[in-house]
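> sequence-free structure coming up:
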């Protein structure tokens, strides 16, 4: 019996190591492929603030990407965290509304991005009359990332030990003070993880933005102007078939932006974790 269990454990360990090696190997291969194909084609003309058919600069798309990420997160993060606070701290367990909200968020998480794009095109672009604009794209992305931020924030708040809030109540702190001074700072690393994933999804999104923010290669002067993100820019120039080398160069920049966003977010989460350790 012991020999049988040991052999089963070895098989599971080998499968785990094989899965880890396959995952890491695939990631390293993709990164190496992008760097090898893209770095030789990075040139100064790609950093021009003005896009034209000769330089196909990605700078307008890069700036537009940061603008859309900022607007989307500025709307989705407060809504998502507030919803998570209500679901965990105020809603009664077994409430039918809570069950409905959970079912809705799970359903929204599984909808393909092209469906969000079609909805955004019909509602924000056509029905509300916003046209192809940064605002229409941002609101479409808000609907897309809101379930992810809600669920990650909810799980992070649930993971905070009950003794933290009990100790706060014992010292005479109120409900709101306990939530904002004790629970949220303790749950912040988990909340930031959801925000990081949401930002990454926004940066890499194409289908939802083609139908909402458009593909105009310019720096938007107002939120009602059309613009393209880096991912849309890469898709557009590679789809034309005339600037394949520049599309690989854009992929390198997109990879660097994603890594920077993750690195900064991890550092912020670590800061929150260190401050919580000092507090408790």
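Everything's here; your move. Bear in mind the structure is a predicted one, so any value in this text is a computation, not a measurement.

> May I see the buried residues of the helix or strand where residue 266 lies?
Using DSSP states H and E, residue 266 falls within helix 244-279. If you call a residue buried by 16 or more other Cβ atoms under 10 Å, then helix 244-279 has these buried ones: 245-254, 257-258, 261, 265, 269, 272, 276. No exception for glycine: its C-beta is placed from N, CA and C like everyone else's.

> Residue ranges in the chain under the pLDDT threshold?
For the chain, the stretches with pLDDT under 70 are 1-6, 94, 241, 269, 272-280.

> Report the central residue of it.
residue 198 (1.6 Å; Cα atoms, centre = their mean).

> I figured that residue hits residue 75, correct?
No. Taking contacts as Cβ atoms under 8 Å, residue 198 lies outside contact range of residue 75: 11.4 Å.

> who touches both of those two?
Taking Cβ atoms under 8 Å, 6 or more residues apart in numbering as the contact rule, residue 198 and residue 75 touch no residue in common.

> Leaving out the residues flanking it, which one is nearest to the residue nearest to the centre of the chain?
Nearest residue to residue 198, sequence neighbours excluded (Cβ to Cβ, 6 or more residues apart in numbering): residue 145, at 3.9 Å.

> Any idea how many residues pack against the one you found?
Residue 145 sits with 27 neighbouring residues when counted by other Cβ atoms under 10 Å.

> do the same with the one 10 residues further on
The burial metric for residue 155, expressed as a neighbour count using other Cβ under 10 Å, is 16.

> Show me which positions of the host helix or strand of it end up buried.
Using DSSP H and E, residue 155 falls within helix 134-158. Neighbour counts over helix 134-158 (16+ other Cβ under 10 Å) mark 134-157 as buried.

> Also stretch 118-137?
Buried, per 16+ other Cβ under 10 Å, within stretch 118-137: 118-121, 123-125, 130-137.

> same deal with stretch 168-179?
Neighbour count says stretch 168-179 has 168, 178-179 buried, by 16+ other Cβ under 10 Å.

> ok, and what's touching it?
The contact list for stretch 168-179 (Cβ under 8 Å, 6+ apart) reads 85, 89, 165, 181-182.

> now, among those residues, which is nearest to residue 222?
Using Cβ to Cβ, residue 85 is the member of the contacts of stretch 168-179 that sits closest to residue 222, with 33.1 Å.

> Spell out, range by range, the helices that occur in the protein.
Here the chain has its helices, by DSSP state H, at 2-38, 59-85, 96-109, 113-120, 134-158, 162-170, 175-178, 184-203, 207-210, 230-240, 244-279.

> Quick one: closest of these to residue 224.
Nearest of those to residue 224, taken as Cβ to Cβ: helix 134-158 at 6.0 Å.

> what angle separates the closest one from helix 59-85?
Angle of helix 134-158 versus helix 59-85, following axes from the mean of the first three to the mean of the last three Cα atoms, to 10 degrees, is 40 degrees.

> Out of the buried residues of stretch 118-137, flag the one nearest to residue 192.
residue 137 (23.7 Å).

> My read is that the closest one contacts residue 213, right?
Yes. Using Cβ under 8 Å, residue 137 makes contact with residue 213 at a distance of 3.0 Å.

> Quick check: neighbours shared by those two?
Residues touching both residue 137 and residue 213 (Cβ under 8 Å, 6+ apart) are 68, 227.

> tell me the contacts of residue 85?
153, 157, 179, 184.

> would JSON lines of these with distance to residue 237 be doable?
JSON lines is the format used below for these (distance: Cβ to Cβ, whole Å):
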{"residue": "153", "distance to residue 237": "37"}
{"residue": "157", "distance to residue 237": "43"}
{"residue": "179", "distance to residue 237": "47"}
{"residue": "184", "distance to residue 237": "43"}
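
> OK, contacts around residue 71?
Applying Cβ under 8 Å, 6+ apart, we find residue 71 in contact with 134-135, 138, 223.

> quick one on the thing from earlier: would you agree the residue nearest to residue 198 is in contact with residue 200?
No. Contact between residue 145 and residue 200 fails when scored by Cβ under 8 Å: they sit 9.9 Å apart.

> Leaving out sequence neighbours, find the closest residue to residue 139.
In space, residue 139 is closest to residue 124, 5.5 Å off (Cβ to Cβ, 6+ apart).

> That neighbour against residue 142, yeah?
No. Applying Cβ under 8 Å as the test, residue 124 and residue 142 come out as separate, 10.4 Å apart.
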